[in-house]
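# based on what follows, work out the 3D shape:
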Amino acid sequence: MTFQNRSLLGQARAVSGQGIRLRWILLVWGLVCVVSVSGFSTSPETSPKKDVLIITEVGLSHALINSITQQIAAQLGGTPNRHAEFYFESLDLMAFSGAPSRQETRDWLTKKYSGHKLDVVVAVGPDTVDFLSDYAQTLFPDVPIVICGTSAEQLGSPKLDSRFAGTWVKLEPVKTLEVALRLFPDTRHVYVLAGSSAFDKMVMSRARVALSSLKTTVEILYPPEMEMGKLLKILQELPDHSIVLYTSFFQDSAGNRFLNATKALPVIAAASNGPDFGMSDTYLGHGIVGGYVMPFEKQGKITAQIVSKLLDGKKAEELPIETLSSEYMFDWHELQNWHISENSLPVGSVILFREPSLWEHTRWTWATVIAIILGLSALAAYLQYGRKQLKLAKERHRQLSGMLINAQEKERSRVAAELHDDFSQRLAVLALGLDNVAEVIPVSPGEASRQLHELVNSTSEIGADLHTLSHRLHSSALESLGLVPAIAALCKEFTAQQHIKIDFTSDGIPRSVNPDVALCVFRIAQEGLRNLRKHSGTVKAQLSLREMGNKLYVSVRDEGSGFDVRTLREKEGLGVRSMEERAHVLGGEFEIHSEPGKGTTLEAWVPLQPKS
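Okay, here's the model as predicted:
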């Protein structure tokens, strides 16, 4: 998309003031930068070039013209796959004296654009709309014209043909003054200000007629046309409880010209010793508190949408001209300056230029700080929890160590007592029996043979009992036969000795199992059967051994008396802890499930390849 700026009087006269010329160039160059991107990135799918002519009555330095033109160029420039070329003409019908006649202007435009096939013409400002409506039959025939930047009242409700589309705004000074008096109820004087240009006089006339219908005891004053310096001096000396209603100021009585919103308004607002109100959104940010303002920025966006629809093939007669409602808008800085509460504003008011609060300025910093604090708090809580768990683990380790020492001593005492009280005495009896046999042999060989036979049986019993004692201390079958036969033998021996039937099943157990794993599973099964004998009161149980993934699973189930597992930690003995510790040492798991009257299940999962 490209943009071309061509002033009708560019060859005839220079714009007065180097500052205005510089701003003009900068603004136009900004528009070129905005809209040229898509123009230089066209692709084979890009639609044919569209030509749009924007005609204004003053240059881009004026806030209203600049706002509307930028909205049009920016929105159309962001449309994909569209190549639009913009032409810009400033009629200067208001800003300069000695302008050519309307007939001459029409002839000049007709000649200049006779070789162009324009797709849309955009008319910005009341004089531009009035000019194009006068020559609608001969100027740009069959080209749709989109109007904006003016109100129907300013043109006396003109009759526009079907080629015209767009929007009107509405000048409503009464509502602006009403909200001003609402915010400043002690007001006694209202000064309505306007400049001396034809446009200024027209706006003042419309405002004066509208305000004449306002019923109020406040004095409404209309200062006469005067030179800017004199006006500023009067504004500095306004009586107390006065407000200013700013309408338009393009020129003072001495013929000095001003940029209405960006030059005249700021100096007037700065000089005034009372609050200033206005009727255009382009005035906000330049000194007015606010008011019921004409939304020219919104109108610019809608105008861009209408132009886009026309370029896409829509007909102008399908887009009826509508009037946009004004909006209550206020400058946040001026509200603060005059200590006006936002709660006193009309419902739905728009507040511009609001500065973020200290919280809004620093909320992300605070959020980061709070997140860090919460993180550190969580870390501290975790460390405290870990410290507590470590303390409990150390306490359990100390208790377990004590229990192991006591159990070791008890086992030693038991083995010693069993060896002393049982095997020692039986061996002593065996020795005495051998002495007797030696004495009886010469006398009665038959008796000696009988006694020797009894001694052989006693020796066999001692050997069997020693084997049982040895097996309890360490199962040789585990090393020689393997895990499954060793547990099967354990179940068979347990059934024979304790008269509790153990149903043993195994599934998928490898022939060769890591010795540590095999010993761990064997001891868990052994201890589980021992606890079953002591506490369950059952006459049968099941012991299951199978492979589950990369783990060995062992379980001991009974249907005995059961118990409440919540009380386990209070009374658990060395057996339960030894089973749990054996599984955990190898990276496994151990669980106990039980309910009173519903039996008990011991389960353990031990990795086939234990951690080192």
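
# what's the spacing between the residue lying farthest from the centre of the chain and Leu452?
Of all residues in the chain, the one whose C-alpha sits farthest from the chain's mean C-alpha position, using C-alpha atoms, centre = their mean, is Val443 at 109.9 Å. Counting by C-beta to C-beta, to the nearest Å, the separation of Val443 from Leu452 is 14 Å. For every residue, glycine as well, the C-beta is placed using N, CA and C.

# got it, and Ile500?
According to C-beta to C-beta, Ile500 and Leu452 sit 39 Å apart.

# the two: who's more crowded?
Ile500 (19 against 15; other C-beta atoms under 10 Å).

# what's the closest non-adjacent residue to that one?
The shortest distance from Ile500 to any residue other than its chain neighbours is 5.8 Å, reached at Val539 (C-beta to C-beta, 6 or more residues apart in numbering).

# can I assume that neighbour is in contact with Gln498?
No - applying C-beta atoms under 8 Å, one finds Val539 not in contact with Gln498, separated by 9.7 Å.

# who touches stretch 509-522?
Stretch 509-522 is contacted by residues 475, 478-479, 482-484, 486-487, 490, 545-547, 552, 554, 582-583, 585-586, 588, 604, 606-610 when judged by C-beta atoms under 8 Å, 6 or more residues apart in numbering.

# go again using 10 Å as the cut-off
When contacts are taken as C-beta atoms under 10 Å, 6 or more residues apart in numbering, the neighbours of stretch 509-522 outside the stretch itself are 474-475, 477-479, 482-484, 486-487, 490, 545-547, 551-554, 579, 581-583, 585-586, 588, 604, 606-610.

# could you give me the ChimeraX syntax to select whichever of these are buried?
The following ChimeraX selection, which keeps only the buried ones among the contacts of stretch 509-522, applies the criterion 16 or more other C-beta atoms under 10 Å:
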select :475,477,478,482,483,484,486,487,490,545,551,552,553,554,579,581,582,583,586,588,604,606,607,608
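
# I'd assumed Val440 was in contact with Leu455.
No - shown here, Leu455 and Val440 do not form a contact pair, counting by C-beta atoms under 10 Å, at 11.8 Å.

# how near is the residue nearest to Ile500 to Asp558?
Noted for Val539: a distance of 9 Å to Asp558, by C-beta to C-beta.

# neighbour-wise, which of those two wins?
Between Val539 and Asp558, counted using other C-beta under 10 Å, Asp558 has the larger neighbour count: 27 against 12.

# need the contact list for Leu455.
With contacts defined as C-beta under 10 Å, 6+ apart, the neighbours of Leu455 are 429-434, 436-437.

# again, only using 7 Å
430, 433-434, 437 (C-beta atoms under 7 Å, 6 or more residues apart in numbering).

# give me the buried entries from the residues you listed.
433, 437.

# now the contacts of Leu455 as CSV including pLDDT?
Putting the contacts of Leu455 into CSV (pLDDT from 0 to 100) gives the following:
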residue, pLDDT
Leu430, 74
Gly433, 74
Leu434, 78
Val437, 73
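
# show me which pair in the contacts of Leu455 is furthest apart.
Distances among the contacts of Leu455 were taken as C-beta to C-beta; the most separated pair is Leu430 and Val437, at 10.6 Å.

# am I right that Gly446 sits in a helix?
Yes - per DSSP: H, G, I helix; E, B strand; the rest coil, Gly446 lies within a helix segment.

# what's the neighbour count on it?
One way to gauge burial is a neighbour count; for Gly446, by other C-beta under 10 Å, it gives 8.

# any chance you could map the helices in the stretch 301-450 of the chain?
Taking DSSP state H, counting those that start in this stretch as the criterion, the stretch 301-450 of the chain contains helices spanning 332-337, 358-417, 425-443, 445-473.

# tell me the mean pLDDT over the last one?
pLDDT averaged over helix 445-473 equals 72, rounded to a whole number.

# just to revisit the earlier point, which of the contacts of stretch 509-522 fall in helices?
Taking DSSP state H, the ones among the contacts of stretch 509-522 that sit in helices are 477-479, 483-484, 486-487, 490, 579, 581-583, 585.
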